[in-house]
Structure formats: C-alpha cells, structure tokens
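Enquirer: Fold the stuff below for me.
(2 chains)
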Amino acid sequence: MESHHSLGTSSDWIVMAVYFIAILAFGAYFSKYNRTTTDFFFGGRRFAWWLIAMSIVATGVGSHSFIKYSAKGFEAGFSSTMTYINDWFFVPFFIFGWLPIIVYTKIRSIPEYFEKRFSPITRFFATFLLLLYMIGYVGIGFLTMGKAILPLLPPEFTIFGFHFNVTLMGLVIVIALIIGIYITYGGQTAVIFTDLLQGFILIFTGFLVFLLGIDYLGGFGVFWNLLPTEWKLPFAHFNNPPGFNFVGIFWQDGVAGSVGFLFMNMGLIMRFMACKSVDESRKAATFNILFMLPLSAIVVGNAGWIGKAISVANPSVVPPDTNPDAIFVVVANIISHPGVFGFIMAALTAALMSTVDTLLNATAAVYINDIHRPVKKWLTKKIQSWKEEDKEELFSARIATAIFTFLGVLTVIPFSKFPTVYEAHGYFHSTLTPPLVVAIFLGVFWKRFSNSSVIGTLVGGVALMILGMYYPRPLIEFFDHGTAFDPKHPYTYIGALYNLFVCVLFAVLTTFTIKQQLKIVEKIKNSPNHSLIMASMVVASIVIFLLIAFNLLPMIVLVILTFIMVFFVVIVSNYYIEYNEEEKTNGLTVWSINKAKEYFKGSKINDREGEKIKVNWKLKEGEDDTIHFSKNDMKRMAAEVGDLVYISDTRKYLGGLKSCHTVYGEPHDEDGVVYISREHVEQGQFVKGHKLIAEKEM
Amino acid sequence: MMMQIFFQSWLPFIYLYGVGGIFFFSGMYIVIKSGALNLKKRRHRFWLKILLGGFFFFMFMHAFLIIAALYL
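Expert: Alright, predicted model coming up:
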C-alpha cells in the first residue's frame, strides 16, 4: 500500500497555524460565559435551534469524517453516504421520547437516568459502560486525527540537535496535549461557538474540495462517466465483501449506531440540552438529520470519489493502491494550490478537534455527576456553600478531562490494528453500544422493563457478547445474512445484530418472568437459610462470569451457564433491591411525559398559547429568582405567577447567547418594562439599552 | 450481472425501508399511543407531518439516486 509523507508547503503550514490560533482565540472569548458547572457542561440551556444545529455539524462530521468516508468513497464509491442517510427511523423515539424525558427530569447524565428509573446499582453499570464507550470514541477521534496529519509530516526531523522519528502514536500524544489544554479551559459555551464557526467552514471546505476536484477532472460529466455503475449506487452490495456491506452496516450503524448516537452520545445530548427549549431541540435534531447529514455525506466522502475518478483517468497521479485512509489528504494536495491545501487541512483537523473536545467535555460531565458527586456525598459530611462546591467541581472536571484525554490516547493502540478507521469505528460501535442501547431504549419505552430486567439484560447480554467474540462461528454466523466469514476481523458489522439480539432476548425473558422471579424470592425469604442461598448465588454468578470472560469451558456449557447466571442475577437483584414500578416509571417513560413536565416546572403546567413580547429591562432590588412584568404584558403572554419564562436579547443573530430562564413574579402596572435582578443580568450578559424578548415556557 | 446490480440497489432499498420502516412506524405508534405526540396540539400536528415527510423524503431520495446511477 502506498504511503505518503511531507505533503504540502510552508505556506500551507502558516495557514494552518493562523487558523488554529484564530479558532483557539474564538473559543477563549466565549469561555467567559462559563459561570457555573451548568454553563461549563450545558451552556446554560439557552441557545436557538439553528445555532445548535450548525454546531452539531462540526461534531458529527468531525467524528465520522473526512478520513473515514473518503476512504470508503475511494474503495466503494457513493455508498460511502449510507451511514449519513439512515438515521431517520429512530427520530420519533428520540424527539418525542428520550429528549423530553432527559430535559424535563433535569437529568444531567445517562447513568443518573438509570438510578432514577431503576436503582443505584444500575447507575454504576451504566457509568462503567458509558465511560468505556466515550473514551473509546475519543480514541477513534485521536486515531483519525493522527492519520490525517501524518501524511503532512516528514518521516523524521531534527530540532535543537535532537532527532525525532514521526510515528502515529507520537503524533496522537502531541494532539491529545493540545486538545486537553483547550477543552480544560473552554467549557461547553466555547465548544458550541467554535463548533458553530467550524460547522460553516466544514461545509464550505467539503464543497470546495468537490468543486476543485470536478474542475481538475474537466467537469461533472467527465467525473460521472468515469465512475462505473456500481460506484454510483447509494448502497454497498447487500452482504459482500465482509469489510463493507449493506446489511452489516444497516445493523451496526443504522440501528445500533443511530440509537447509540442519539440516545447514548452524551456529547450530542448535552448539545441538545443547551437549546432553550425541547421544541428548539427537536428543530435542531430534525434539521440536522434531514438536511445537514445528507449534505455532510457529500462533504466528507467526495474526496474519495474524486480520488477514484482520478485513479481511473490517470493512475500515475493517484495509484489505485493508495492507502484509503490517506486519500483525503492526497486528493486535497493534488487538486488545490499551496495555502488552499493548508486551509483544507486546518478545517479538517479543527473539525476532528470539535468532536474530541465535545466528547471530552461530556465525559467530564459524566465523571462529575456519576462518580465525583456520589462518592463525595458518601465520604464527607462537610457542608459547603453552593459557590464553593461549584468551584471545586469545576476544578475536578478539568482534572478529569486531562485523565480521560490520556485514557483516550491509550485506546488508540488496539484501534490502530484495524485496516481503516471505518472498520475500527464499526467494530467499536457494534461491540460497545448494544447493551446500553437496549437498556436505555426499553427503559424509556417499556413500562414493564424493571430493575432486575435491566441488570439481567446488561449481565447476560455482555456475557453472550463475549462468547460471540470467542465463537463467532456458530453464534454470530446464524445472523450473518450470507456475509462471508473473515477470520482476522470476524463479522465486524453484522456482529451488532447478534449483540442486539442477545441483549433483547434477556430483556424479554427477564421481563416476562418477573412474577415467577418474585415468587421464588418470596420462597427464599421464608427459608431459614436465605442469606446463605443469596451469598451462594452471588458467588456462583461471579464464578460463571469469570469462566465466560476467560473462555474456560466448552462453548455449549458456557451458553447454558450464562442462562443460569442470569437467573441467579435477577433473583439476587429482586431479593436485595426494592422496585416499585409506579414510582420508578412516573415521568421517566414515554407513557408519562406530562408528569415529567410537571416535575420540571414544580407545579401544574400552563399550556395556554400566548405571545412573545419585547420589553425594556430595569434592575430590581433583591436577588430572588423571579422577574416582574406588567399585568397587561402577563395577559398577552398568557402567563401566571410561578410560570417559567425565557428572556433573551432581541438580536436574533446572537442565537440566545445573551439570555436566561427564570420565573414570573408578582406583576406591576408599568407596561413594556420587566424588572430583573443583578444575577439575571449577569447570567444573561444583558446589555444596557438593548431590549429583551420574553416568552412563556410552561 | 443483473443479480449483482439488484443486490446493490433495490434489495438494500427494500431491506432498508422494510426493516427500518418497522422501527419507524413502531416509534410513531408508541409516541402517539402514549400521548407524547399529542395530535390535539397544533404544534404536534406540525411535527407529525415533519416525521412522516422525513421518512418519505429519504425513501424518494434513495430511489432517485438508484435510478440516476442505473439509467443516467
């Protein structure tokens, strides 16, 4: 396979350096909006949909991105777009199920949902699996970035008498250091605004590469006619080859990946939670999936298509055996002039930074919410003021970000063993997402899915997934849809279907047998040896799990033992953990969204439709969290005292940057004026003389 | 050759919108049945149109891309 080094000129490097300094300065400016951990992680829940939709482009495009899809575009043609246009199937579940629940229940992380919906022990399982998922995702980002920048660098260089060999891992470490420093001091508002800018730049850059490529080839007609029919089809072959086929990618990306991305990706969820309301989040999500993802599919894959066309027309310029992961850089270098190439590369690497920084920010949020706070609560009884606590958490978040950056670098080692980033990412998704995806999904949409069911699903699902890795034949083979077996990387994609199936299997089995489980638990409780029976079941479960993890017995025995282990696990969880279905599902499933809304507000919801009004603001005495409109203005907004209100600067292009949420207080008689506290002014960064626009939330 | 093309065009299309459609319409049924998508609200009727429109938008886009690749 042909490898490349030292692409680009000194002017390209100057353009890249200027671009990065500008982006860092831009992010640093917006870090002043981080006043609390809520601001640091969620951007203060105040932004307009268009701002979030554009900022998500940089996150989504950055993560799956130019390198990965250009590689597949070069190998297979337009079917590289498959994964960008198969996300719509789960949108109803997301925008009317998971999104309102996570916003209205004021949950700050996915594991916290597990505690509220099931039990504290499930929060522990979820935290562990989620951190693995997110750190792995960070690792994929680092690997991609390393592969993008490596072709630009010389194979070795000497500086101040020291000789350095340029390696992928060395490069990844340097990149990680830069990103770690940036995110540690930026926070979510800085991330949103740099991503917003980069969203625009990425779309522009992607189409610039496409237009330059078409021009290089001699026009769209030449480009179209150079490609054979199978490269112009939007789908890969149904089940062949094992490294890139439709059915495997449908289950790995279209199902596990889409649900994982929408339901489990804390980085993305936090971005939606930064919207000013659930309706705005819905708009951001649908706009992104309907319009931005299809455009992004062209943006990220076209360098591969152009590369393929050039390799057909002139194989000496782009040899057909070019390393697919380097094709984006190679094509960009061929079709653009010095300086322009630097700009393209800067935009690409900055996009990858966006993905990684979003994920690192989200990982730190999970750490603070699901490890730091519970552990601190358990270890210390010291009472701190709100400000002291917030300052300490902000510091811990920054340390955690640095640690997760380091762990992300470590995960690059196994991922770099896959032939392309695409395969590494595919395997990662199909392996790590199914247990949590099934647990969250059924938790939200199936009221009967109980605490013992989720524990049985996670433990049993993971156990059979491990066995699937040891024995892809015959376990995964049964689901392969005719996909050939590749002994080096068995069932990279279709493995997702097997993994989803085994998790759903245990979910269904454990949910439908709940009455029988409770009867058995009742009998055990009445036995004089109940403690001994329980202790034996716990020990047996641990021993069986270890036998499975280390593959110490024949396959068939291990499969039978998995079912026995799940039986023990559900009995133990029913014995030790009280689970009240009514209490644990109220406001936490799609069947009781209105309860979640009431919980959010703290009182009955006011659904009457009112107007948005423009008002001048004046400072009031006191620091209580209420603002005061005139009686007439309250009437126009159809608002009552105690309802929730959102006020923002009237300049729409700010996208809600200068805004805040608060509560209606007692009205006055001065029409067109709102009285707000100094805290509201600081939170919203309101400017004297600029009017505010106010709207009732609920 | 015809079979090869079918395996890369209409078969994936049928599978995608068949199996994907089961997920999509199950989702629609659940959110409507649970009242999370409340068709009595004007705003939610707008969302119903967007959701259904999105499904058919992607379906027609894929069909168009297949036809363009095969016949243009």
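Enquirer: drop to CA atoms for contacts and neighbour counts, all remaining ones
Expert: Noted.
Enquirer: Next, count neighbours for the closest residue to chain B within the stretch 101-250 of chain A.
Expert: Closest approach between the stretch 101-250 of chain A and chain B, counting by CA to the nearest CA: A:His237, at 4.1 Å. Counted by other CA atoms under 10 Å in any protein chain shown, the residues lying close to A:His237 total 23.
Enquirer: For it, which non-adjacent residue is closest in space?
Expert: If the residues on either side of it in the chain are set aside, A:His237 comes closest to B:Gln8, at 4.1 Å by CA to CA, 6 or more residues apart in numbering or on different chains.
Enquirer: Contact residues of chain B facing chain A?
Expert: Counting by CA under 8 Å from any CA of the partner chain, the residues of chain B lying close to chain A are B:4-5, B:7-9, B:11-13, B:16, B:20-21, B:23-24, B:27-28, B:30-31, B:34-37, B:51, B:54-55, B:58, B:62, B:65-66, B:69-70.
Enquirer: So which of the residues you listed are in helices?
Expert: Judged by DSSP state H, helices contain the following of these: B:4-5, B:7-8, B:11-13, B:16, B:20-21, B:23-24, B:27-28, B:30-31, B:51, B:54-55, B:58, B:62, B:65-66, B:69-70.
Enquirer: In contact with the residue nearest the centre of chain B, which residues are there?
Expert: Central residue of chain B (CA atoms, centre = their mean): B:Phe55, 3.3 Å from the mean position. By CA atoms under 8 Å, 6 or more residues apart in numbering or on different chains, the contact set of B:Phe55 is A:Trp88, A:Phe89.
Enquirer: about what we covered before: generate a ChimeraX selection restricted to the buried entries among the ones in helices among the residues of chain B next to chain A.
Expert: Of those, the buried ones can be selected in ChimeraX as follows, counting by 16 or more other CA atoms under 10 Å in any protein chain shown:
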select /B:5,7,8,11,12,13,16,20,21,23,24,27,28,30,31,51,54,55,58,62,65,66,69
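Enquirer: so where do the strands sit in chain A?
Expert: Per DSSP state E, chain A carries strands over the ranges A:156-159, A:162-165, A:613-619, A:626-627, A:644-649, A:659-664, A:673-676, A:692-696.
Enquirer: which one of these lies closest to chain B?
Expert: Chain B sits nearest to strand A:692-696 of all these, at 15.4 Å, using CA to the nearest CA.
Enquirer: Report the angle between the closest one and strand A:659-664.
Expert: 50 degrees (axes from the mean of the first three to the mean of the last three CA atoms, to 10 degrees).
Enquirer: Residues in contact with strand A:692-696: which ones?
Expert: Residues outside strand A:692-696 that contact it (CA under 8 Å, 6+ apart): A:610-617, A:637-639, A:643-650.
Enquirer: Just the buried subset of these, please.
Expert: Buried members of the contacts of strand A:692-696, counted by 16+ other CA under 10 Å: A:612-615, A:617, A:637-639, A:643-650.
Enquirer: could you list every residue that touches the nearest residue to A:Phe200 once chain neighbours are set aside?
Expert: Leaving out its chain neighbours, the residue that sits closest to A:Phe200 by CA to CA, 6+ apart is A:Met54, at 7.2 Å. By CA under 8 Å, 6+ apart, the residues touching A:Met54 are A:Asp195, A:Leu196, A:Gly199, A:Phe200, A:Asn288.
Enquirer: State the distance from A:Met54 to chain B.
Expert: As for A:Met54, its distance to chain B is 19 Å (criterion: CA to the nearest CA, to the nearest Å).
Enquirer: and what of A:Val366?
Expert: 27 Å.
Enquirer: and that residue, how many neighbours?
Expert: When neighbours are counted by other CA under 10 Å, A:Val366 comes out with 25.
Enquirer: Likewise for the one 4 residues further on?
Expert: For A:Asp370, the neighbour count with other CA under 10 Å is 22.
Enquirer: tell me the domain ranges of chain A?
Expert: A:10-415, A:452-578, A:608-696 (automatic domain parsing).
Enquirer: about what we covered before: who wins for proximity to A:Ser450 among the strands of chain A?
Expert: strand A:644-649 (33.4 Å; CA to CA).
Enquirer: which residues sit against that closest one?
Expert: Contacts for strand A:644-649 (CA under 8 Å, 6+ apart): A:276, A:601, A:656, A:658-664, A:684, A:686, A:690-698.
Enquirer: partners of that strand, with directions?
Expert: strand A:659-664 (antiparallel), strand A:692-696 (antiparallel) (DSSP bridges).
Enquirer: Let me see the contact set for A:Val209.
Expert: A:Asn302, A:Ala303, A:Ala332, A:Ile335, A:Ser336.
Enquirer: From A:Ser109, how far off is it?
Expert: In this structure, A:Val209 and A:Ser109 are 38 Å apart, going by CA to CA, to the nearest Å.
Enquirer: Run a quick neighbour tally on residue 48.
Expert: No chain in the question, so chain A it is. Counted with other CA under 10 Å, the neighbours of A:Ala48 add up to 22.
Enquirer: wait, chain B
Expert: B:Leu48, neighbours per other CA under 10 Å, totals 17.
Enquirer: Report the separation between it and B:Gly54.
Expert: Using CA to CA, B:Leu48 is found at 10 Å from B:Gly54.
Enquirer: among the contacts of A:Val209, which ones are buried?
Expert: A:Asn302, A:Ala303, A:Ala332, A:Ile335, A:Ser336.
Enquirer: ok, now which ones touch the closest residue to chain B within the stretch 501-650 of chain A?
Expert: Going by CA to the nearest CA, chain B is nearest to A:Trp591 of the stretch 501-650 of chain A, at 4.8 Å. Taking CA under 8 Å, 6+ apart, we find A:Trp591 in contact with A:Phe445, A:Lys447, B:Ser34, B:Gly35, B:Ala36.
Enquirer: contacting residues for the fourth one?
Expert: Read that as B:Gly35. A:Trp591, A:Ile593.
Enquirer: cool, the third one as well?
Expert: Counting by CA under 8 Å, 6+ apart, B:Ser34 touches A:Val590, A:Trp591, A:Ser592.
Enquirer: mind listing what's buried in stretch A:509-529?
Expert: Applying 16+ other CA under 10 Å to stretch A:509-529 flags A:Thr510, A:Thr511, A:Ile514, A:Gln517, A:Val521, A:Ile524 as buried.
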